[in-house]
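1. how would this look folded up:
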Amino acid sequence: MITVSMDTATTLLRISFLVGAITDGLAFITMAFPKIGSALFGGDSTKLGAEYRFAMGIGASLMAGWTGLLFWGAINPIERRDILILTLVPVVAGIIAATIIGVRNRVIHKSRAIPLWIHLGFVNILYMVSYGISFCVGN
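-> You can find the predicted model right below:
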């Protein structure tokens, strides 16, 4: 069985939490400020209706909360490592599913979604590897 030091596992988990917090913080910005979101994903922010702004306001508040949760996880990464799995399944998987639906419905261009998918693929691998390694701490 492979073993790693506690310091290595802790550092890798902490990096994972911080990458996630930065990712979610950037997502918060695109949700809270429609002009920025439109610039990144396409569209005209002046044509966004009240329903869109309402939904994005709710989403932005949830993303801000998750950003805080990931920063909190970075404080004690070994003890809070399960947060990474909770982030992967509903959060990352949901964002990927939503962007696939958005591309299929021509809400966003595929060329704008691909960089996001690449980034989230990297986050997915980082989280799974760091989570798995955290169980390989030697004595």
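
2. All the helices of the protein, in order from the start?
-> 6-32, 34-41, 50-75, 82-86, 93-104, 110-133 (DSSP state H).

3. Remind me what the shortest one packs against, helices and strands.
-> For helix 82-86, the packing partners by 3 or more CB pairs under 8 Å, 6 or more residues apart in numbering; DSSP states H and E come out as helix 6-32, helix 50-75, helix 110-133. Glycine gets a C-beta too; all of them are placed from N, C-alpha and C.

4. lowest-confidence helix or strand of this structure?
-> Lowest by mean pLDDT, DSSP states H and E among the helices and strands of the chain is helix 34-41, with a mean of 84.

5. pLDDT weak spots in this structure?
-> Residues of the chain meeting the criterion pLDDT under 70: 139.

6. Kindly recompute the last result at 90.
-> In the predicted model, the chain carries pLDDT under 90 at residues 1-4, 31, 34-53, 56, 90, 107-108, 137-139.

7. Just confirm residue 130 contacts residue 15, I think it does.
-> Yes: between residue 130 and residue 15 a contact is recorded at 7.3 Å, counting by CB atoms under 8 Å.

8. neighbour count winner among the two?
-> Just comparing residue 130 and residue 15: by other CB atoms under 10 Å the higher neighbour count belongs to residue 130, 23 against 14.

9. Can you name the residues that contact that one?
-> Residues near residue 130 by CB atoms under 8 Å, 6 or more residues apart in numbering: 9, 12, 13, 15, 16, 81, 84.

10. do the same with residue 17
-> Residue 17 makes contacts with 70, 71, 73, 74, 77, 80, 83, 84, as judged by CB under 8 Å, 6+ apart.

11. How many neighbouring residues does the closest residue in space to it that isn't next to it in sequence have?
-> Distance criterion CB to CB, 6 or more residues apart in numbering; nearest residue to residue 17, sequence neighbours excluded, is residue 74 at 3.8 Å. With neighbours defined by other CB under 10 Å, the count for residue 74 comes to 19.
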